[in-house]
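Chemist: Just a sequence and a predicted model for now, questions to come.
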Amino acid sequence: MSQENRAILDRLNEEVLRQGNVDAVDELVADNFAEHDPPPGMAADREGFKDFVRDIHQAFADQLHTVHDQLADGDRVVERWTMTATHAGEFMGIPATGKRVTLTGIDISRVEDGRIVEHWTQCDMLGFLAQLGAIPAQEAVGS
């Protein structure tokens, strides 16, 4: 089961996140999908996820999504990832900056009957917003 679940996440990463193919979401994500940590403005369901993917692809050009670690156990798949892209369009009310930015995070997805039914994410939005110039950059402790 774990290998099959990893394959579902691999397809989501490639087809949806890297390529921006929101049509694949209906095949990979369950009708009753629940996003437990939606970003501001995102509905916590499958349609909200599709809208978020569209928004990300409109706002960030030349995206590079890298999964550094992927662990699967039972119905859960955990991934540690990085997205690097150029801020080319409005994102969360922030006008395009042309800056190359990096977002890092860790996701947990629960798969049931071959589709993702639940998702949790923790990502460095504070660091990401600082890179976009939306908030002041913080100095490292001890600097």
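Modeler: Yep, that arrived. Residues are numbered from 1 along each chain as shown.

Chemist: can you tell me which residues contact the closest residue in space to His87 that isn't next to it in sequence?
Modeler: Among residues not flanking His87 along the chain, Thr97 sits closest, at 4.7 Å (C-beta to C-beta, 6 or more residues apart in numbering). Where you see a C-beta, it was placed from the backbone N, CA and C, and this is true even at glycine. Listed by C-beta atoms under 8 Å, 6 or more residues apart in numbering, the contact set of Thr97 reads His87, Leu132, Gly133.

Chemist: Against Ala137, how distant is Thr97?
Modeler: Look at Thr97 and Ala137: by C-beta to C-beta, to the nearest Å, they are 14 Å apart.

Chemist: May I have the secondary structure class of the most centrally placed residue in the chain?
Modeler: Centroid-nearest residue in the chain, with C-alpha atoms, centre = their mean: Leu17, separated by 7.1 Å. In three-state terms, and counting by DSSP: H, G, I helix; E, B strand; the rest coil, Leu17 is helix.

Chemist: As CSV, the contacts of Thr97 with secondary structure would be great.
Modeler: As requested, the contacts of Thr97 are arranged in CSV below (three-state DSSP):
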residue, secondary structure
His87, strand
Leu132, coil
Gly133, coil
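
Chemist: Closest one to Thr104 out of those, please.
Modeler: When the contacts of Thr97 are compared for distance to Thr104 (C-beta to C-beta), Leu132 wins out at 14.6 Å.

Chemist: so how far is Phe128 from the residue lying closest to the closest one once chain neighbours are set aside?
Modeler: With sequence-adjacent residues excluded and distances taken as C-beta to C-beta, 6+ apart, Leu132 is closest to Ile94, at 5.4 Å. According to C-beta to C-beta, Ile94 and Phe128 sit 10 Å apart.
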